[in-house]
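> predicted model and sequence below, questions to follow.
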Amino acid sequence: MKPIYESIVPYSNTSFKVQSYEATSSCESAGWHIHPEYEIVYVKNGSGVLRIGNKTHIYNDGTLVFLGGNIPHSDFGNTDFKNSKEVVIQFSKEFVDEKLKLFAEFQSINNLIEISKYVLLFDDAVKTQLSQDFERFSELDNQGKLINLLSILNQLSITTNFQKLMHLGPAHEFREKESYRLKNIFEHINNNYNQKIVVQDIAPKVGLTPNSFSRFFKKMTNRTFIDFLNEFRISKAVDILSERGTTISEVMFRSGFSSPSYFSKQFIKYQGVTPSTYQKQLKSL
């Protein structure tokens with residue numbers, strides 16, 4: 001079965017994504033999926049089965065796993081206990097290349113990230129040692145979360161208490177053409193989101209007809225292109241709203257929308273409030 005391509009977009013004013021789930025708010029299932037981002041998953045307790053690539057691993061008292069990008073896998077968590085907790089951290093290759101690799105002091109962290117392509121399973125002692133660090137993410141602001149992530153990476157980089165689930169690394173040829181095509185689509189959106197983007201213009205850039213482009217995007221991401229584009233633009237609108245002195249109209253145009261009513265509708269869909277309400281909330285902080 002081919003995995004679905006999962007699109008991972010960090011929240012505004014962040015360079016990585018971290019989400020925490022309880023037994024009553026478990027991670028919405030993505031099923032068998034793949035994404036280019038690195039992923040660290042902490043599961044506090046309970047039993048489950050890790051399905052990663054062509055490997056499976058049964059855990060009985062939670063787990064701590066670090067996997068590289070472009071490795072197909074299924075969901076990790078469980079809801080065995082009322083105090084179940086799962087923390088998922090995801091960061092891009094750009095985060096590594098443009099930030100972590102700039103510091104010579106992070107050599108051991110970068111070495112750890114490099115071998116994550118083999119999928120690293122840390123033992124219970126390491127999971128227990130870092131449990132408080134993982135579980136405190138929900139209490140921290142964005143700066144605190146980054147510092148906490150670096151601390152976790154540092155501690156993981158100096159332990160040898162892990163096993164490699166895979167011995168040859170991921171099959172890099174796995175859907176290489178599709179991944180490259182999606183990467184080009186996402187780059188086009190990132191570079192042109194504030195301009196008019198229509199399928200008829202972008203499809204030829206990746207060697208597809210408009211109809212085949214729409215089918216390809218839906219198959220790979222399990223969502224429509226316009227859905228993804230709107231959510232991406234709203235994430236940019238949120239960033240722009242945090243700038244002092246910006247008007248709602250300016251935010252609308254700078255994030256790629258031209259209709260006030262449509263902009264407001266999409267903002268409510270993805271943020272739960274109107275742009276003006278969101279701006280007032282920012283001012284009250």
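Everything's here; your move. Quantities reported herein were computed from a predicted structural model and do not represent experimental measurements.
> how close does N184 sit to K117?
From N184 over to K117 the distance is 23 Å, taken as Cβ to Cβ, to the nearest Å. C-beta here means a position set from N, CA and C on the backbone, and glycine is covered the same way.
> look at those two and report which has more neighbours.
Set N184 next to K117 and count neighbours by other Cβ atoms under 10 Å: K117 wins out with 19 against 14.
> find the residue closest to that one in space, skipping its chain neighbours.
G68 (3.8 Å; Cβ to Cβ, 6 or more residues apart in numbering).
> could I get the full set of strands for the stretch 51-200 of the chain?
Secondary structure of the stretch 51-200 of the chain (DSSP state E, counting those that start in this stretch): strands at 55-59, 63-67, 85-91, 120-122, 162-164.
> so which of the ones you listed comes closest to Q281?
strand 85-91 (26.1 Å; Cβ to Cβ).
> any residues touching the closest one, and which ones?
Strand 85-91 is contacted from outside by 8, 15-23, 26-27, 35, 37-45, 76-77, 134-135, 137, 149, 152, using Cβ atoms under 8 Å, 6 or more residues apart in numbering.
> which ones among those residues map onto helices?
The helices, defined by DSSP state H, take in 134-135, 149, 152 from those.
> ok, and the most crowded of those residues?
Neighbour counts for these (other Cβ under 10 Å) peak at F134, which has 24 neighbours.
> that one and L149 touch, don't they?
No. The pair F134 / L149 is not scored as a contact, 10.0 Å apart, by Cβ atoms under 8 Å.
> next, show the common contact partners of the two.
By Cβ under 8 Å, 6+ apart, no residue touches both F134 and L149.
> pull stretch 38-55 out as CSV, backbone CA atoms only.
Once non-C-alpha atoms are left out, stretch 38-55 reads as follows in CSV (Å, rounded to 0.1, in the frame of the first residue of the first chain):
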residue,chain,number,x,y,z
TYR,A,38,12.6,14.4,10.7
GLU,A,39,10.4,13.1,13.5
ILE,A,40,10.9,12.3,17.2
VAL,A,41,8.0,10.6,19.0
TYR,A,42,7.7,10.1,22.8
VAL,A,43,5.0,7.8,24.0
LYS,A,44,4.7,7.8,27.8
ASN,A,45,3.3,4.4,28.5
GLY,A,46,1.0,1.7,27.2
SER,A,47,1.6,-0.9,24.5
GLY,A,48,1.6,-0.7,20.7
VAL,A,49,3.2,-1.6,17.5
LEU,A,50,5.6,0.6,15.5
ARG,A,51,5.3,0.1,11.7
ILE,A,52,8.1,1.8,10.0
GLY,A,53,9.3,1.0,6.5
ASN,A,54,9.2,-2.8,6.2
LYS,A,55,9.9,-3.2,9.9
